[in-house]
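K.L.:
Any chance you can model this:
(one chain, ligands or ions: 1)
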Amino acid sequence: MRAVSSIITVLSAAAVVVAQTTIQVGSTAAAAGGIFQFIPSNITAANGTTVTFMWSGAPGNHSVTQSSLDSPCQPLPNGFDSGFVFIPTPATSGIPSWNLTITNDQEPIYFYCGQLVPAPGHCPLGMVGTINAPTTGNASWEAFWETAMGTAATTPGTPIPNLSGVGANASAAPGPLTGSGVSGAGLPTASGASSAAPPSSSATSASTSPSPTTSASAAVLLSANGITAMIAVLFGIALM
Ligand SMILES: [Cu+2]
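P.N.:
Got it, this is the predicted structure:
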């Protein structure tokens with residue numbers, strides 16, 4: 001039994017070594033899956049790992065807001081929140097990032113984008129992500145995503161800025177915000193003082209139809225059903 005657990009430990013350690021620790025926030029209208037996604041949507045990250053969120057999806061105005069499995073599109077009490085970062089056009093340098101350090105890898109971490117524009121909001125359109133979620137089952141990213149897709153957008157427009165989350169925390173707000181037109185709203189501060197501001201409504205005006213035929217690596221992150229559902233929602237088609 002001990003040998004078996006040792007093997008499992010070794011395998012887990014091996015998995016951690018190759019785990020991806022960078023998550024892209026948002027994408028482009030032309031990308032498979034469209035604007036409203038985190039890429040990759042689920043990663044494995046052990047305690048002490050720094051997960052770097054990159055706001056390279058553009059144009060976009062997104063947040064990384066902790067939520068829960070049962071309420072994907074609602075801020076988790078005491079959960080982390082990056083605040084909103086607005087990227088007007090695709091940028092190749094100076095992309096804002098945010099470092100989140102994992103402090104409890106024994107529980108899945110669920111998060112979403114709190115942007116409400118366009119309606120019904122990015123989360124109900126599928127912009128959710130997980131860290132250390134099981135790959136299958138009721139607590140997986142896919143299950144979380146499916147719940148989010150059916151959730152009404154009742155999220156307040158100004159998530160609580162917070163560096164300290166449940167199972168993960170950050171030491172600074174997203175940055176730099178020095179690129180042309182790049183701005184932040186509701187960003188957390190190291191002192192924990194609230195600086196909430198409404199998210200810009202101009203960020204996602206380019207939420208045009210996705211191009212499902214465009215080949216991109218992100219496609220593998222979504223199941224065939226997922227893509228169909230996302231496209232259906234974006235086109236306002238009721239799924240039966
Ligand atoms: Cu978003």
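K.L.:
any idea how far Thr49 is from the ion?
P.N.:
Separation of Thr49 from the ion (C-beta to the ion, to the nearest Å): 23 Å. Every residue, glycine included, has its C-beta placed from N, CA and C.
K.L.:
and that residue, how many neighbours?
P.N.:
By other C-beta atoms under 10 Å, 20 other residues sit near Thr49.
K.L.:
which residue sits closest to it, ignoring its sequence neighbours?
P.N.:
Ile102 (4.8 Å; C-beta to C-beta, 6 or more residues apart in numbering).
K.L.:
That neighbour contacts Ala168, correct?
P.N.:
Yes - counting by C-beta atoms under 8 Å, Ile102 touches Ala168, with 5.1 Å between them.
K.L.:
what do these two both touch?
P.N.:
Common contacts of Ile102 and Ala168 (C-beta atoms under 8 Å, 6 or more residues apart in numbering): Val51, Ile109, Ile131.
K.L.:
Now for those, which sits with the most neighbours around it?
P.N.:
Counting neighbours by other C-beta under 10 Å, Ile109 comes out on top of the shared contacts of Ile102 and Ala168 with 27 neighbours.
K.L.:
how far away is the nearest residue to that residue once chain neighbours are set aside from the ion?
P.N.:
The shortest distance from Ile109 to any non-neighbouring residue, by C-beta to C-beta, 6+ apart, is to Ile131 (4.1 Å). Computed as C-beta to the ion, the Ile131 to the ion distance reads 17 Å.
K.L.:
Dig out what Ile131 forms beta bridges with.
P.N.:
When bridges are called by DSSP bridges, Ile131 pairs up with Ile43, Ile109.
K.L.:
OK, contacts around it?
P.N.:
Asn42, Ile43, Thr44, Ala45, Val51, Ile102, Pro108, Ile109, Phe111, Ala168.
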